[in-house]
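Engineer: structure for this input, please:
(one chain, ligands or ions: 1)
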Amino acid sequence: MQRDKGMPLIKLGDLELTPLFDGFFRLDGGAMFGVVPKTLWEKRIPADVKNRITLAMRPLLVRGNGKTMVIDAGIGDKMDAKNTAIYGIDRSRNLDHSLADAGLDASRIDLVLASHLHFDHAGGFTIRDTAGDLAPRFPRARYVARTGEWEDATHPHERNRASYLQENFVPLMNAGVLDLVPGDEPIAPGVRVVRTGGHTMHHQIVLLESGGRTAVFTADLIPTTAHVNEPWIMAYDLYPMNTLAFKRTFLRDAIDGEYLIFFEHDPAIAAGYIRERDGRKYVEPVGD
Ligand SMILES: [Zn+2]
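Structural biologist: Now for the predicted structure:
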């Protein structure tokens, strides 16, 4: 069932990885699984009376080499009552709690890395201060986003406008704390980004490599463990055939390379290994 289990930190060479939690929200189940019929997906994640499924938001804390980084920051607390109801947002336990569980608070974060700038990933990047003004949520941090994603997010069209809320990222640029990175590059020792395209043209995953091992924060490439099935692709994706092509190659690498995968939106499983048996892919959870 859905839960927020405190997970012990996972050691990967010099890096310490801890899945964080910014609550649950709900999205239309059909939209989450694209062309897959409900008769199949509802066995994996059941729908409520409004056909919504519950998803988690699990940013990742990365500590190592003297740096404290978070990848994505959840939905944050700026949503109005109407959207809180539409998306069924439940942040009774949120990022502040999970940072505290890890012995931290927002002021201890040095670096905030964005997979992309949709509101369920970047909502937690900014807050309203006591005067009602928008400000960076992590007061000492540099923020990093991909150049192409920033361009698309700040020039939205009818198909993506509802996902790109300017209040989540424009204040970072105004405050001078946002760095744009154009390509697949190292962000910190053992941390590099790889563009997947698909979900958005410049959506990226984060590879964590240390001690001869690889872990991957897959963001919306593989949002839940149900999405390890190749054609299980979100209807939200702007370029689904690009998702399919990237995912096919990535899954092969992940299985053969024993990558530890972090699932940002899975309601129950924060991390696991992708396995294959008789041609069927499944996830062996870790931390249970
Ligand atoms: Zn998402």
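Engineer: would you mark the buried spots in the host helix or strand of Leu27?
Structural biologist: Here Leu27, judged by DSSP states H and E, is contained in strand 24-28. Residues 24-27 are the ones in strand 24-28 that count as buried (16 or more other C-beta atoms under 10 Å). Just so you know, the C-beta spots here come from the backbone N, C-alpha and C atoms, and that holds for glycine as well.
Engineer: residues in contact with Pro46?
Structural biologist: Neighbouring residues of Pro46 by C-beta atoms under 8 Å, 6 or more residues apart in numbering: Ile53.
Engineer: assign a three-state SS to it, would you?
Structural biologist: Three-state assignment for Pro46 (DSSP: H, G, I helix; E, B strand; the rest coil): coil.
Engineer: what of Asp253?
Structural biologist: Counting by three-state DSSP, the backbone at Asp253 sits in helix.
Engineer: just use 49 as the starting number from now, easier for me
Structural biologist: Got it, the first residue is 49 from now on, which makes the last one we talked about Asp301.
Engineer: how about it: what's its closest non-neighbour residue?
Structural biologist: Leaving aside its sequence neighbours, Asp301 sits nearest to Tyr307 (C-beta to C-beta, 6 or more residues apart in numbering; 7.1 Å).
Engineer: what helix or strand is the closest residue to the ion within the stretch 99-248 of the chain on?
Structural biologist: Nearest residue of the stretch 99-248 of the chain to the ion: Asp168, at 4.4 Å (C-beta to the ion). Per DSSP H and E, Asp168 falls inside helix 167-170.
Engineer: hmm, who's touching the next helix-or-strand element following that helix?
Structural biologist: Downstream of helix 167-170, the first helix or strand assigned by DSSP H and E is strand 174-176. Contacting residues not belonging to strand 174-176 are listed as 124-126, 182-185, 215-217, 219-220 [C-beta under 8 Å, 6+ apart].
Engineer: how about the residues you listed in a markdown table, adding secondary structure, pLDDT and neighbour count?
Structural biologist: Formatted as a markdown table, the contacts of strand 174-176 follow (DSSP: H, G, I helix; E, B strand; the rest coil; pLDDT from 0 to 100; neighbours: other C-beta atoms under 10 Å):
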| residue | secondary structure | pLDDT | neighbour count |
| --- | --- | --- | --- |
| Gly124 | coil | 97 | 26 |
| Asp125 | coil | 95 | 18 |
| Lys126 | coil | 96 | 17 |
| Leu182 | strand | 97 | 19 |
| Ala183 | strand | 97 | 16 |
| Pro184 | strand | 98 | 22 |
| Arg185 | coil | 98 | 25 |
| Glu215 | helix | 98 | 15 |
| Asn216 | helix | 98 | 25 |
| Phe217 | coil | 98 | 24 |
| Pro219 | helix | 98 | 20 |
| Leu220 | helix | 98 | 26 |
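Engineer: Ala319 is in contact with the residue nearest to Asp301, correct?
Structural biologist: No. With contact defined as C-beta atoms under 8 Å, Tyr307 does not reach Ala319; the gap is 10.6 Å.
Engineer: give me every residue in the chain lying close to the ion.
Structural biologist: When proximity is defined by C-beta under 5 Å from the ion, the chain lies next to the ion at 168, 268.
Engineer: circling back to that earlier point, tell me the contacts of the residue nearest to Asp301?
Structural biologist: By C-beta under 8 Å, 6+ apart, the residues touching Tyr307 are 262-264, 301, 321-322.
Engineer: looking at those, spot the one nearest the ion.
Structural biologist: Of these, the one sitting nearest to the ion (C-beta to the ion) turns out to be Val264, at 15.7 Å.
Engineer: so for this protein, the centremost residue is which one?
Structural biologist: The residue lying closest to the centre of the chain (C-alpha atoms, centre = their mean) is Ala267, at 3.8 Å.
Engineer: burial count for the residue of the stretch 99-248 of the chain closest to the ion?
Structural biologist: Asp168 is flanked by 22 other residues according to other C-beta atoms under 10 Å.
Engineer: residues in contact with it?
Structural biologist: By C-beta under 8 Å, 6+ apart, Asp168 lies in contact with 73, 105, 122-123, 313.
Engineer: cool, and Leu103?
Structural biologist: Leu103 touches 72-75, 80, 271-272, 313-315, counting by C-beta under 8 Å, 6+ apart.
Engineer: that one and Met80, how far apart?
Structural biologist: Note on Leu103: its distance to Met80, by C-beta to C-beta, to the nearest Å, is 7 Å.
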